[in-house]
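> After the sequence you'll find the predicted model.
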Amino acid sequence: SSITLFLTEVLSKLLQAEPANPPLYQFISESVQVFNYLEQCIENFHLQFLMKIASFLGFGLDEFEILFTSLDQLVPHHEGAHVWELLINEPYGVEILLNRKIRNHILDSLIGYYRHHANLAIPKSLEVLRSVLS
């Protein structure tokens, strides 16, 4: 799927210089297993995965406010802040209704966060993901 392609590309870039980290690899393994079994509510999996894995990489998003104070450009609209909190705190597979515009805004913000904290280049598969999830 396009989500798998996107996350594979992101992980390959993020993990290039990552030393052995059993908790990180356990998290990735468990997340992939959950994704494989999900039959619905997968459209936000990549957002939740990026939010949840950040703590294993040393720049966690345990509280959604951290994301918005990290970069000025990431300040959310007040009415959308609860969505970020749901994405961070809810397990995979929980239905969180987002339209394409909000999902893309959150994804752009997360990519910006990862660019700032992990020097992540914009994934080439990003546009494929956007087109499939639109």
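That came through, no problem.
> quick one, what contacts the residue nearest to the spatial centre of the chain?
Most central in the chain under C-alpha atoms, centre = their mean is L50, positioned 2.3 Å from the mean C-alpha point. Neighbouring residues of L50 by C-beta atoms under 8 Å, 6 or more residues apart in numbering: V10, L110, Y114. From N, CA and C alone the C-beta is placed, and that goes for glycine too.
> What of L126?
Applying C-beta under 8 Å, 6+ apart, the residues near L126 are F6, L107, I111.
> Return the per-residue confidence for it.
Per-residue confidence at L126 stands at 93 (pLDDT).
> Tell me how far it lies from Q48.
Distance, L126 to Q48, by C-beta to C-beta, to the nearest Å: 17 Å.
> Over to I96?
8 Å.
> Those two - which one has more neighbours?
Legend: neighbour count by other C-beta atoms under 10 Å for I96 and Q48, higher for Q48 (20 against 16).
> shouldn't A54 be in contact with L47?
No: counting by C-beta atoms under 8 Å, A54 sits too far from L47 to count as a contact (11.7 Å).
> who does the lengthiest helix in the chain touch, helix- and strand-wise?
Longest among the helix segments of the chain by residue count, using DSSP state H, is helix 100-118. With contacts taken as 3 or more C-beta pairs under 8 Å, 6 or more residues apart in numbering; DSSP states H and E, helix 100-118 sits against helix 2-14, helix 45-53, helix 64-70, helix 81-89, helix 126-132.
> after the first one, next one along is what?
The one in question is helix 2-14. helix 22-37 (DSSP states H and E).
> Could you pull up the mean pLDDT of that following helix?
Mean predicted lDDT for helix 22-37 stands at 96.
> Just checking the distance from it to the centre of its chain.
Chain-centre distance of helix 22-37: 14 Å, with C-alpha atoms, centre = their mean, to the nearest Å.
> just curious, which of the contacts of L126 is nearest to G60?
I111 (16.8 Å; C-beta to C-beta).
> Next up, the contacts around that closest one.
So I111 contacts L120, I122, P123, L126 (C-beta under 8 Å, 6+ apart).
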